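Peer 1: Mind looking at a prediction? Sequence and model below.
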Amino acid sequence: AVYKAFDTLAPRPFPEDAARALSLAGGETGRWASSLFNDLSPAAESVEPRLANIRKGLERGGHRVHMTGSGSTLFTVGETAPEAFGGCVVVTTRLC
């Protein structure tokens, strides 16, 4: 259902720039994390609106939330290792 919904969306341009490439190569998570994208996110959220509700709730914590694949996992990237891993919490929510 997500791929069918994706087929109805207009294509988005790939965010290509030198700063992004340099930050990826240097491991600067704070710079490249904002460049991550998943073209299936809007389609997955249209098929399963609860994903959008979960994402919005997580974004209130101050970080951009990303989706893997067609919606199996939501995650965020910390600026530094202590920030990313210091207070790690795994939250499991089963939608179906």
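Peer 2: Right, received. Where do you want to start?
Peer 1: What residues sit buried inside the biggest helix by length in the chain?
Peer 2: Taking residue count as the measure and DSSP state H as the definition, the longest helix of the chain comes out as helix 49-59. Within helix 49-59, the residues that count as buried by 16 or more other CB atoms under 10 Å are 51, 54-55, 58. Every C-beta, even on glycine, is put in place using the N, C-alpha and C of the backbone.
Peer 1: In TSV, list these along with pLDDT and distance to Thr8.
Peer 2: Conversion of the buried residues of helix 49-59 to TSV gives the following (pLDDT from 0 to 100; distance: CB to CB, whole Å):
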residue	pLDDT	distance to Thr8
Leu51	91	17
Ile54	87	23
Arg55	89	20
Leu58	83	26
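Peer 1: Of those, which is the nearest to Ala5?
Peer 2: Leu51 (12.0 Å; CB to CB).
Peer 1: List the contacts of that closest one.
Peer 2: In this structure, Leu51 makes contact with 44-45, 67, 71, 74, 95, judged by CB atoms under 8 Å, 6 or more residues apart in numbering.
Peer 1: try 10 Å this time
Peer 2: With contact taken as CB atoms under 10 Å, 6 or more residues apart in numbering, Leu51 is in contact with 2, 41, 44-45, 65, 67, 71, 74, 93, 95.
Peer 1: Going through these, which ones are buried?
Peer 2: A residue is treated as buried here by neighbour count (16+ other CB under 10 Å); on that basis the buried members of the contacts of Leu51 are 2, 41, 44-45, 65, 67, 71, 74.
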